[in-house]
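Undergrad: I would like the atomic coordinates for the input below:
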Amino acid sequence: MKKWIVSGAIVAAAVFPALAFAAEEAAEDRGSWSMFAFFAINFILFVSVLIYFVGPPARKFFADRAATVRGALSRAESAFKGAQDLANQAAAKLASLDSELKQLADEIQNETAFQVAKIEDVTRSGQERIHRDTELSTNALSEAAQRRVRERLSESAATLARDLIARNFERSDQSRLIDGFMDKLGEGATR
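TA: Model prediction:
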């Protein structure tokens with residue numbers, strides 16, 4: 001039934017302007033109020049037809065468009081919040097990176113100082129050990145050289161004494177030497 005009403009309204013809107021012009025020519029004494037009423041009714045019918053046919057699709061279009069805009073706005077807000085969170089995290093990491101970098105530099109400096117001190121201690125102890133070993137070696141070589149000199153001197157003295165004894169030793173010296181030796185043995189036994 002609504003279709004008949006709508007169809008009638010459309011036909012009336014199409015036909016009524018022609019009737020309105022005809023009525024104007026026929027009755028000019030009525031004035032323009034009838035013309036105004038006719039156009040107002042015609043306009044109201046036109047708007048009613050538009051609202052009836054175009055209203056639901058327009059409402060659906062604007063509702064869909066509003067939903068799309070709201071969705072895009074909420075996605076943009078969430079993306080903005082996410083970007084802001086990432087920026088805050090990056091700033092915090094950058095701040096912590098500076099402190100970590102300073103801490104790492106301090107640790108490296110402390111470790112370097114420790115290693116330098118350790119190397120100095122090892123070098124000093126090595127130097128002392130080398131000095132001590134050098135002194136010991138020098139003393140040992142000196143003692144060995146003195147021992148060899150004494151051995152040579154004793155060998156030379158023994159050779160010289162043998163030669164002197166062989167040349168100047170007589171029988172009387174031999175008996176006197178034996179008697180002196182025996183006397184010393186006897187004194188050593190009584191003590």
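Undergrad: could you list the low-pLDDT ranges of this protein?
TA: 1-31, 169, 189-191 (pLDDT under 70).
Undergrad: let's go with 50 and repeat that
TA: In the predicted model of the chain, residues 1, 29 satisfy pLDDT under 50.
Undergrad: and the longest helix along it, what does it pack against?
TA: For the chain, the longest helix by residue count, based on DSSP state H, is helix 33-168. The helices and strands touching helix 33-168, judged by 3 or more CB pairs under 8 Å, 6 or more residues apart in numbering; DSSP states H and E, are helix 2-26. Just so you know, the C-beta spots here come from the backbone N, C-alpha and C atoms, and that holds for glycine as well.
Undergrad: so which residue is dead centre in the protein?
TA: By CA atoms, centre = their mean, the chain has its centre lying nearest to Leu97, at 6.9 Å.
Undergrad: and Cys178, what is it in contact with?
TA: That one is not Cys; residue 178 is Ile. Residues in contact with Ile178 (CB atoms under 8 Å, 6 or more residues apart in numbering): none are found.
Undergrad: and Glu151, by the same measure?
TA: Applying CB under 8 Å, 6+ apart, no residues qualify as near Glu151.
Undergrad: the one 4 residues further on now?
TA: In this structure, Glu155 makes contact with no residue, judged by CB under 8 Å, 6+ apart.
Undergrad: could you check how many residues crowd around Ile41?
TA: Ile41 sits with 14 neighbouring residues when counted by other CB atoms under 10 Å.
Undergrad: for Phe36, see how far away Arg162 is.
TA: 173 Å (CB to CB, to the nearest Å).
Undergrad: same check, this time on Arg171
TA: 189 Å.
Undergrad: neighbour count for those two, which is higher?
TA: Under the criterion of other CB under 10 Å, the comparison of Arg171 against Phe36 puts Phe36 first, with 10 against 7.
Undergrad: could you say which helix or strand holds the residue lying farthest from the centre of the chain?
TA: Distance from the C-alpha centroid of the chain peaks at Ser172, with 105.6 Å (CA atoms, centre = their mean). Using DSSP states H and E, Ser172 sits in helix 171-190.
Undergrad: just the buried residues of that helix, please?
TA: By neighbour count with 16 or more other CB atoms under 10 Å, helix 171-190 contains no buried residues.
Undergrad: starting at the chain centroid, how far to it?
TA: A distance of 98 Å separates the centroid of the chain from that of helix 171-190, by CA atoms, centre = their mean, to the nearest Å.
Undergrad: just stretch 135-147 next, same as before
TA: 61 Å.
Undergrad: convert the C-alpha atoms of that stretch to PDB, please.
TA: Provided in PDB are the C-alpha atoms of stretch 135-147 (Å, rounded to 0.1, in the frame of the first residue of the first chain):
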ATOM      1  CA  GLU A 135     123.900 -12.300  42.400                       C
ATOM      2  CA  LEU A 136     123.800 -16.100  43.100                       C
ATOM      3  CA  SER A 137     125.300 -16.900  39.800                       C
ATOM      4  CA  THR A 138     128.000 -14.300  40.200                       C
ATOM      5  CA  ASN A 139     128.800 -15.600  43.700                       C
ATOM      6  CA  ALA A 140     128.800 -19.200  42.500                       C
ATOM      7  CA  LEU A 141     131.100 -18.300  39.600                       C
ATOM      8  CA  SER A 142     133.300 -16.300  41.900                       C
ATOM      9  CA  GLU A 143     133.600 -19.100  44.400                       C
ATOM     10  CA  ALA A 144     134.200 -21.600  41.600                       C
ATOM     11  CA  ALA A 145     136.900 -19.400  40.200                       C
ATOM     12  CA  GLN A 146     138.500 -19.000  43.700                       C
ATOM     13  CA  ARG A 147     138.300 -22.700  44.200                       C
END
